[in-house]
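Undergrad: Need coordinates for the following:
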Amino acid sequence: MFPVPWPVVVMYVVAYVLAGMAIGVISGWVVSRMTKGRRPGLVKDALLGSFGYVGGIISCALMPWPENTVVEQLSGGGSVATTMSRYQHPQRVAVALAILFPLLLEVYKWKKHKSAPLT
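TA: Below is the predicted model of the structure:
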């Protein structure tokens, strides 16, 4: 495996954080509209979305997974075998967490506001 230059790593981490922030803001805004929230916490939703996205990517990279081997037959008579011991689609987990964390915050705020005594 070849070493990846650190500016490329920084660029990808920044892109992942921005993607998570965008997903979190959109998710939180939609849920606050559905629950008729007074004021959506877009900054908190953005932070939770970015935390969920980056956390999902990192947790998929570090979590062990049952090995999956795929063997592909080539037309020339050879074969190529690929074995993975990590989850193969971490972006799906990252997007799900980036949606779920702001959604849970907005639902919590809605429940808290709904159960508050009227004065």
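Undergrad: so what's Pro64 closest to, chain neighbours aside?
TA: Ser85 (6.7 Å; CB to CB, 6 or more residues apart in numbering). Every residue, glycine included, has its C-beta placed from N, CA and C.
Undergrad: cool, Met63 as well?
TA: In space, Met63 is closest to Tyr87, 6.8 Å off (CB to CB, 6+ apart).
Undergrad: Run a quick neighbour tally on the one you found.
TA: Residues contacting Tyr87 under the criterion other CB atoms under 10 Å number 17.
Undergrad: What distance do you get for it to Val71?
TA: Using CB to CB, to the nearest Å, Tyr87 is found at 20 Å from Val71.
Undergrad: ok, now Val80?
TA: According to CB to CB, Val80 and Val71 sit 7 Å apart.
Undergrad: same question, Ala15
TA: In this view, Ala15 and Val71 are 33 Å apart by CB to CB.
Undergrad: quick one on the thing from earlier: list residues touching both of Val80 and Val71?
TA: With contacts defined as CB atoms under 8 Å, 6 or more residues apart in numbering, no residue is shared by Val80 and Val71.
Undergrad: This protein: helices as residue ranges?
TA: 6-34, 42-62, 90-114 (DSSP state H).
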